[in-house]
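>>> let's see this in three dimensions:
(3 chains)
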Amino acid sequence: MVELIRSNSHPKVYSKLKQIVGKEYISDDPSILIVHSRDQSPFANLKRMPPEYVVLPENSEQIQEILKISNKYKIPIVVQNTGVNVGGCCVPSESGSILMHLRRLNQILEIDDLNMFATVQPYVSYAELQVETMKKGLWLPSPAAPSTVGIISNMLYCGMSWCMAKYGYERRSIICMTWVTPKGEIIKTGSSAIENGGQFWWNGPGPDLKGLLIGAVGELGICTEMTVKLYPWVGGPRLKSDELAKNTKMLAISFNSGERMLKALQELSRADIAISITNMPIAWSLLGMPKSLETSRELWDKRKQLEPILKHFVLVCIQGITSSKQIEYGEKVVRKIAKETRGMVIDPETMSSPAAQLAPDFQPEGNRAEFFRAKISPRIMRFKGGFMPAFFPQEPIEKALKSEELMENTLKDFPIQPQDLYSSCVVPVDMGHFGLHELDVFYDQNSPEELKACLDFAGKIQKISQSQENTWPPHNEWKSYHWDVVKDIPEFKIHKSITQKIKNLFDPNRIMNPGKWFKE
Amino acid sequence: MTIDLDEFYKTIRNCSKCAMCRTMSPWDMQSKEFKDICPSGTRFLFEAYFAPGKMEITRALLDNEIQYSDRLEHIIFACPLCGGCQAQCEEVNIIQPLDVMQELRKKYVKVNGPIPAHEKFAVSIKELHNPYNEPHENRLDWLPKDITINKDAKIAYFVGCTSSYRREEIAKATVNVLNSLGVEFNIFHPNEWCCGSPLFMTGQIDSGMKLMNHNLEEIEEKGIETLVFSCAGCYKTFKGTYPQYVGDLNFKVSHFTEFLADNFNKNKAKLKMYSKSITYHDPCHLGRHSKVYEAPRQILKQIPGINLVEMERIKENAWCCGAGAGVSSAYKDFAYWTASQRLKEAESTGAEILTTSCPFCITNFLEASKLTNSSLKIIPLIKIIEEVVK
Amino acid sequence: MIILNLNEFKIEVEKVVSKNSIIDDQDRIRKYSKDSHYPLIERNTPQMVIFPQNFQETQHIIRVANQFKISIIPKSSEVSRYGGTIANNDGIILNLQKLNRIITIDETNMHVVIEPGVTFKQLQMELDNYKLRILPTIFSSSDSIISSYLARYPTYSMTKFEYTDLVVNLEIVLGNGEIFRTGSWASVKSPPVYPYGSSLDFFRIFHGARGGLGVITKASIRIKPIPLIQEIVSVPFSNHNDFVKFVYDVERKEIGTECIIMNKLNALNYLNIKEKPNDFPNWIFLICLEGPQRFPEEKIEYEKEALNLLIKQHSIKLKMNNLINQLEQKILAEFNNPQDKKKKLYDLPIYLTLNKFPDIYSVIQNELSQFNGNKIELGVSIIPVERNRTAYVEFDLYTELNTEKEIIEFKKLFNNLGELAVKAGAIIDIPYGPLKQVIYSKVGNYVALIQQVKDIFDPNNIMNPGKIEKEVI
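Coordinates of the predicted model:
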C-alpha cells in the first residue's frame, strides 16, 4: 500500500482560519481531509498526503486573509475547484497543507449576450454556463473532459475540445482574469486592469500578463474571476441526449489509411466549414459510446472487425450559423474532400450499424448531446480504472503517423501490455495549423506494477521524442515530472530558470501548490 | 443491491472523480439554478459529502487510514440515500455509490450500533411495529366504516406506517379509490408490521429482516397474489430490498400508480374534470430505486383538465424530498432544507399543485412549506385520483 | 540611471559588427528622432543607430549594451508609430531592417518563418507564388510584420476570431543577452507550430512589450490561402445609430471576413477626394465575402443571401454610384495591401463594445465642437473584432499643427478626448503620447508587476526603458 504521510510540523492555525471563514466552512477532521489525499493521476498515487485543513472561502477577501496566514506561517496552500483532474494538481504534494476549496465561488456574474462574453467564478462548470448561454444563442465549446469540469481551471490547465479546429485551445477563449497572488495582492488582466475598463478586451496596458498565469497549475495564485468568450450557437436553446442539436449536421468519414485521414483533417480544417473536426479514436467509439460496460467489452474484443471502418475515422459537425445553406455547402465540401482523399462518407446513423451487429445493445443514439456537452469520457476510464495521457505531441498534422509509430514501437518493449488498451487521436487546432495528437494509456489503478510501467513508458517516450523532429513535449500535466524529463535539453534550461524566477516573484515563500512544478 | 465492500474495494478505488454524481446529467440540464442532484454535498459543501468523497472515505476505512468519528457519522448518515449519485454514475461508470453507502452504514452499525435517533425508532418498531411510537392496535383506526374489505381477496393493500399513523388521508383515499373501481382487496391488520425500510436504510439489517420474515409469512398465509402499496418506501422495500435477502418473491408487488394506470385507461370516460396545473415529484423509492416514472404521469395525463408541467429535475434526475433513510429523524433541519429546495423548483414551474406518490415526501414537503411560506398546494396523487373517480 | 560611454561601447561592438553597420553621424541619425505621431510624441535623437546583419551580431550588441548599461531601442519598420522607437532617454537604435530573410515557407501547415525586417509587401510578393497570403495590419504593407503583430496593431482580418492569433513562435534575444524561444521552438528540433509553452504561456508576454523585454530575431507567423474570389459589398447608413444593430446582426451570423465601417470623411480620404458630395452616405459599411478553394461561388452566394436578408430586415436601401464603386475596389485592394495614409492625422485608437459607440461618438463630437483651436475634421473607422465581440474604433483627427501653441492646445484636447473615451468605457490598447497618462493613471498595480517581470527578462533595464513602465509619465 502507498504510504500516507501526515503532518506534524506546521503551527496550528485552525482558530485563525475559523475566524476568517466561519466554523461551518473549515474542518480538520480526518474524514474530511482524507478525501483530498489522492486523485486519479498516477503521480498523486505515488506519495499521498492529506491536507491539514480544508477551508471553503466565500470571496476574494477571505482568500486574501487565508493567504496572509499561509505566508506568515509558511504553510503550503493547495487550491481545488471541481477537482476533475488527472494531473495531481489539486492534491497536496507537501504535508501540512491548507486545502482551499472554491466551491462557494460559484456564480455566473454576468452574461453579455450582445457582446458575447460571460464572467464566471471558479466553481462554475461548462455545463452550467452552457445551459444559460444556449438559451441566448451562444455557447462555450465544452472540453472533451466531462463538462462538469470548472471553466476557469480547465482553461488555465490548457484544456482541449473536439472543436479546436475552429475555436482553438480553451485558453484562446480567455478575455480577462482577476487573480489573487500568493502574496495576497489582486491583479486584473486585460481591460479589467484599467479602472472602469470593463471585461471585454483581452489585452491590458502593455505586455499581456495573463500568459504567465495560464499553465501555472495553481503555483502562481488563484483566479477568482474569469471573463470568457462566447460564440454564436444556433443549435437550439436546449440540448437533448437523443436528438442532434438543431441546424446541425454530423458527417463521418472513414479512411483505410492514416495518411489519407491526416490529409483530410488538414483540408477540412482549412476549409473552415465546421464547428468541429476531429479524428475520433476507436477506443472512444467502442468504449465510450455504449452505456453498458459489458457491451464495451464485447465490442473491444471484436475491435479488429471494426478497425477497417473505425480506426481512421473523422467526425465533422457543421452548423448553419449563417444560414441553413451553410450546412448544404459544408456537406458538399466535406464530400469533395473525402473524394480527394479517398475517404468514405458515412451517415452517422449507418455508422453504428457495424458495431450494432456485433453488440445488439450498442446504441449511440442516446449520446447525441455528447459533442456539445461532454459526459462520456469516464466511460473510457471505467474499463481499467486508470487513465494517463502518456504522450501529447503538438505537431504538424502530417507528422502524427510518425508519433504513432514511435508510440507503438515503444509499447512493444514493455513488460505490462497497455497496448491492449491505448487510444490515440489527432485533433486539428486553429484551422489545421497544427494538431494535438493525444495518446492515452489505460492501466489498472490497483496494480502498482501497471502504474509504474505506465510512468516509465511515459518518461521513455517523452525522452525519445526529444530526438524526433516532429514532436513537442506534453503541456501542463505533471510539471515537476516534466522538468525531469527535459532536464538534459539545453534549450529548456532558460525556460526553467525564468519559470523559477517568476515563481519567486509571485510566491517568495513558496506556499502556493508547491511541488507541482519543481520538486521542493 | 448488496455488495461486499472488501470485494468491491478495487472498484471503489477506481472512482475517476468525474463529478457526474454531483449534478443532474449535463445532457438534460436546463438551468444553473436547478442543476444539483446531491442534497448532502450541496448542503454541507465539503467534498467528503459528495459521492466521490464518500467512496474515498470508504476506501480509507477499508485501508484503516481513518477511524470513526462524529464527523464521519454525519457524513455517512446525513444523506437521504436518494440514489441521485448512482443514477448519474451508472451512465458512465460502475462505482455504485448508493450501494456502497448502504454497505457503509451496515458496517458502521455493526461496529458502533445505530445512531441515537435511529435507535429510538428501532425500539419503537421492535415494540410497536411502527417507528412512530404509536400503539399497534390503533394501526387501522383510519379505516372508514363504509369501506368493503374482502378477507379472501388475492389482492391486498399494504398500508404502511406513515399512511396509518401520519398521513391517514392517503390510506383513506387509497381504499376509497379501490372500492370505487370495484377492486376486491384485503388488508393485513393486525398483522401488518412496518416494512422495515427505516431499519434497512439505516444499516440495521438484522432488525429489518425480522420484520421482513414476519410480513412475508403473513402474505403467504393469506395467499396474496398481488400486494398494492400507496407508500413508495414500502413498495421499494418489498420490491427491491427483500429479494436481496430471500430471492424472488412469489407474489406481485405493485405501487398504486402502476396498479391504477391500466385501470384508468379503461375507465377514462368516467373521470371527472380537474382543471389545475400540476407538477409531479418523483419519489426516490418509486422513481430512481424502482424505475417507475411513467405510471404516475400516465395517470395525470389521463385526467381531463390537468395541465402537467414538469420540473427541470425529473425521473432519474429528480431532486430528493430530503426525508428518507433516517434523515428526517436525525437531521430534521437538513431534511427541511432539501425539501425547500424542491419547493422552490416546483414553484418555478408556475404550477398550482405539487403532487407526489409517497406519504413520506408529502409529510416533509408540508412541514417545509410552513417554514418557507410556500403558496403551493401539496396534494398526494391518490387524493387527486380519489376526487376524479368519486 | 543610464550610463553612456559611447566610444568604448562602439569599440566593443565593432569586434563583431562591421563599422559600416554603425551610424553615429548626427545628420544621418536625425531622421530617427521622430515618428509618424510627432508632435504628439516628443522627438528625441538617439546616440547611434546600428544595423545588425544577423542573429549573432544582434546578440553581441545586446550583451555589450548590458556591459555598458546602454539603452537599446529595437526598430524594424521603415515608418515607426506610437513612439515605440523614440528613445525616452539616451539610447541606441537597433535597426533590424537588414534582418529581412524569409527563412521558410511551410505551405502544408500554413506558416512562415521570418526575420524582423521582413515587411508585409516583401513577404506577400513571395507568397503570391504559393497562392498564400499574409494578413496585413491596417497601416502599411511596408511595415515589419513581426513588430506590427507584436505591437498589436489592428488587422483587417481580426473580424474573424480564427485570425486573431497570428504569431506562433518567437526567438528572442532577451535583455540579458540570453536566447529564449517560445512554444514548440523551445525545443530546437520541433517545428514552430505550437504557440503555447510547456509551462507558462510565454509568447503572450512579448505582445505589447514594445521591445521592452528583448529583441525578436525570428518568428513563425501564420498565413492562409488566397481566396479564389473576393467580393466587396457596401451598405450605406445616414446615421451612426443605425449601423450598430446591423453590424451585430451581420457578425453574429459570421458573414464575411474583413469588414470596416467608415464615416464619409474617412471614406473620401481613402479616395483622395476633398469635396463632400451629397449623394455619398454619411457612413458606409464594407464587407469582404470570400470564396475559398472549393465551390467559391456557392459560399459567396449563401453569405450574400444572408446579408441581403439582414439588409431587408433593417429596411436599408442600397446605394451604388461611381464613388462607392471606386471605394469598394479601393477597400478590397486595401484589405490585401494596405497603403500609407496620405493625409496627416492624429488617431485616437480605442477598443470598446460597439453598443457604446453612439455615446462615445457624441461625447467626442461635443468636445471637438467646443475646441477653440485649429480646425479639426473628424474621421471615424470601425473594425468589428472577433465577430463584434469588441470593436476597434479609430477617431482620426485631421488638422495642421504648425506652432508650439497649436501643439500644446492640441495635446490638451487629445488628452481630454482620451479621458472621455475611457470614462465612457473604452480601452486604449496603445496608449501613446498624452494617452499614456490617461491609461497609466488608472492601472493600479498591474504596471508595477510588469516592471518586476521586466526585471527578470531585462535585469539591467536596457531594453527600450520607459515604454511599458510607469515612471516615464
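>>> just the helices in chain C please.
C:6-13, C:26-29, C:55-68, C:120-127, C:145-150, C:240-252, C:264-270, C:296-313, C:322-336, C:357-369, C:404-423, C:434-440, C:446-457 (DSSP state H).
>>> quick one, helices of the stretch 1-150 of chain B?
In the stretch 1-150 of chain B, the segments counted as helices under DSSP state H, counting those that start in this stretch are B:5-13, B:39-44, B:51-62, B:70-77, B:84-92, B:97-112, B:116-128.
>>> quick one: which of the ones you listed is nearest chain C?
Among the helices of the stretch 1-150 of chain B, helix B:51-62 comes nearest to chain C, with 28.5 Å by CB to the nearest CB. For glycine as for every other residue, the C-beta is placed from the backbone atoms N, C-alpha and C.
>>> and the closest one, what's buried?
B:51-62 (16 or more other CB atoms under 10 Å in any protein chain shown).
>>> same deal with stretch B:241-250?
B:241-242.
>>> quick one: end-to-end distance for that stretch.
Taking CA to CA, to the nearest Å, stretch B:241-250 runs 14 Å from one end to the other.
>>> which SS state does the residue most central in space within chain A fall under?
Here the mean C-alpha position of chain A is nearest to the C-alpha of A:G159 (CA atoms, centre = their mean), at a distance of 3.3 Å. What DSSP: H, G, I helix; E, B strand; the rest coil gives for A:G159 is coil.
>>> now do it against A:S142, distance only.
Remark: distance between A:G159 and A:S142 (CB to CB, to the nearest Å) = 10 Å.
>>> cool, B:E137 as well?
Distance from B:E137 to A:S142, by CB to CB: 61 Å.
>>> who's more crowded, the two?
A:S142 (30 against 10; other CB atoms under 10 Å in any protein chain shown).
>>> where does the chain have its least confident helix or strand?
Using chain A here. For chain A, scoring each helix and strand by mean pLDDT, DSSP states H and E identifies helix A:479-486 as the least confident one, at a mean of 57.
>>> meant chain C actually
Lowest-scoring helix/strand for chain C, mean pLDDT, DSSP H and E: helix C:434-440, at a mean of 86.
>>> that one near chain A at all?
Yes: against chain A, helix C:434-440 shows contacts by CB under 8 Å from any CB of the partner chain at C:439-440.
>>> what about that helix, distance to the chain center?
18 Å (CA atoms, centre = their mean, to the nearest Å).
>>> stretch C:140-154 and chain A in contact?
Yes: counting by CB under 8 Å from any CB, contacts between stretch C:140-154 and chain A involve C:R152.
>>> any idea how far A:F506 is from A:C176?
19 Å.
>>> actually C:I179, sorry about that
32 Å.
>>> which stretches in the stretch 101-250 of chain C count as strands?
In the stretch 101-250 of chain C, the strands defined using DSSP state E, counting those that start in this stretch lie at C:102-106, C:111-114, C:132-133, C:167-174, C:179-181, C:214-222, C:224-225, C:229-237.
>>> rebuild these as TSV, extending it with mean pLDDT, distance to chain A and mean neighbour count.
Formatted as TSV, the strands of the stretch 101-250 of chain C follow (pLDDT from 0 to 100; distance: least, CB to the nearest CB, whole Å; neighbours: other CB atoms under 10 Å in any protein chain shown):
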stretch	mean pLDDT	distance to chain A	mean neighbour count
strand C:102-106	97	8	15
strand C:111-114	97	6	24
strand C:132-133	95	11	20
strand C:167-174	94	7	24
strand C:179-181	92	6	20
strand C:214-222	96	6	25
strand C:224-225	94	7	20
strand C:229-237	96	14	19
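>>> format those as JSON lines; extra columns: distance to A:F372.
Converted to JSON lines, these look like this (distance: least, CB to CB, whole Å):
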{"stretch": "strand C:102-106", "distance to A:F372": "33"}
{"stretch": "strand C:111-114", "distance to A:F372": "30"}
{"stretch": "strand C:132-133", "distance to A:F372": "33"}
{"stretch": "strand C:167-174", "distance to A:F372": "29"}
{"stretch": "strand C:179-181", "distance to A:F372": "37"}
{"stretch": "strand C:214-222", "distance to A:F372": "27"}
{"stretch": "strand C:224-225", "distance to A:F372": "27"}
{"stretch": "strand C:229-237", "distance to A:F372": "32"}
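>>> let's have those in a markdown table, adding distance to chain B.
Shown next, in a markdown table, are these (distance: least, CB to the nearest CB, whole Å):
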| stretch | distance to chain B |
| --- | --- |
| strand C:102-106 | 39 |
| strand C:111-114 | 36 |
| strand C:132-133 | 41 |
| strand C:167-174 | 34 |
| strand C:179-181 | 37 |
| strand C:214-222 | 34 |
| strand C:224-225 | 35 |
| strand C:229-237 | 38 |
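>>> low-confidence stretches in the stretch 301-450 of chain C?
For the stretch 301-450 of chain C, the stretches flagged by pLDDT under 70 are C:342.
>>> write out the residues of it neighbouring chain A.
Residues of the stretch 301-450 of chain C lying near chain A (CB under 8 Å from any CB): C:301-303, C:305-306, C:309, C:351-355, C:386-390, C:422-423, C:425, C:427, C:429, C:431, C:439-440, C:442-447, C:449-450.
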